[in-house]
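Asker: Below are the sequence and a predicted model for it; my questions follow.
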Amino acid sequence: AAGVIQSPRHLIKEKRETATLKCYPIPRHDTVYWYQQGPGQDPQFLISFYEKMQSDKGSIPDRFSAQQFSDYHSELNMSSLELGDSALYFCASSFKGNTEAFFGQGTRLTVV
Amino acid sequence: LAKTTQPISMDSYEGQEVNITCSHNNIATNDYITWYQQFPSQGPRFIIQGYKTKVTNEVASLFIPADRKSSTLSLPRVSLSDTAVYYCLVGSNNAGNMLTFGGGTRLMVKP
């Protein structure tokens, strides 16, 4: 069965650069969530979308933005990267906001 | 949002039953209780979800008392591969929910 696809799997950027992370949800899923997870930490909710509209916002820095496109894939745009942005970024999808969500493999972002 | 409280860590041995309890005193009427498992460097994986009483699937059981202010995830006969962090989440199954992770329970299964 198709799962949530995230790309790239690994990304190395320098400080002050920009990065774009992509998430392709499970077909027919209309809800996408983004999370940031630092080493030894719990996943921190960043932002979510339902039917291409932002539905909720968590601890997402102003330097980050995200959107969900007409084909339901989502992109997380990160600008003016800082060393502290180094983390695993997970995307998850569900159907109509069901709390049974499916997570992707994550993108490991390293800022140097 | 209902806040959840779980033990920070638990130890067990192979073959034992493990019960992890989560407190959610402020659970709302339309909230469900959902448990996830996470291995290092992997995305959380859905384990089980329930609203009240008992739910069982091929992996675990979930016990929810009548007042729904707590829940217990039961893992039968754990193995070394069950060593992971387990998260309890509380939220509605409505479009636009937030799906927030609190502090999970780090389960260590020993031989």
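Answerer: Nice, I can see it. Numbers count the residues shown, from 1 in each chain, chains lettered A, B, ... in the order given.
Asker: Contact partners for the closest residue to A:Tyr24 other than its chain neighbours?
Answerer: Nearest residue to A:Tyr24, sequence neighbours excluded (Cβ to Cβ, 6 or more residues apart in numbering or on different chains): A:Ile5, at 4.2 Å. For glycine as for every other residue, the C-beta is placed from the backbone atoms N, C-alpha and C. Neighbouring residues of A:Ile5 by Cβ atoms under 8 Å, 6 or more residues apart in numbering or on different chains: A:23-24, A:104.
Asker: mind redoing it with 10 Å?
Answerer: Counting by Cβ atoms under 10 Å, 6 or more residues apart in numbering or on different chains, A:Ile5 makes contact with A:22-26, A:73, A:91, A:93, A:104-105.
Asker: Most neighbours among those, which one is it?
Answerer: A:Cys91 (30 neighbours; other Cβ atoms under 10 Å in any protein chain shown).
Asker: near chain B at all, the helix or strand containing that one?
Answerer: Here A:Cys91, judged by DSSP states H and E, is contained in strand A:87-94. Yes - applying Cβ under 10 Å from any Cβ of the partner chain, one finds strand A:87-94 touching chain B at A:88, A:90-92, A:94.
Asker: Please name the strands paired to that strand in the sheet, noting orientation.
Answerer: strand A:31-37 (antiparallel), strand A:102-103 (antiparallel), strand A:107-111 (antiparallel) (DSSP bridges).
Asker: Just the C-alphas of that strand, formatted as PDB.
Answerer: Taking Å, rounded to 0.1, in the frame of the first residue of the first chain, the C-alpha atoms of strand A:87-94 are listed here in PDB:
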ATOM      1  CA  ALA A  87      16.300  18.200  13.100                       C
ATOM      2  CA  LEU A  88      14.100  15.500  11.600                       C
ATOM      3  CA  TYR A  89      11.000  16.800   9.900                       C
ATOM      4  CA  PHE A  90       8.100  14.500   9.600                       C
ATOM      5  CA  CYS A  91       5.000  14.800   7.600                       C
ATOM      6  CA  ALA A  92       1.800  12.900   8.300                       C
ATOM      7  CA  SER A  93      -1.500  12.500   6.500                       C
ATOM      8  CA  SER A  94      -4.900  11.400   7.500                       C
END
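Asker: Fine by me, thanks again.
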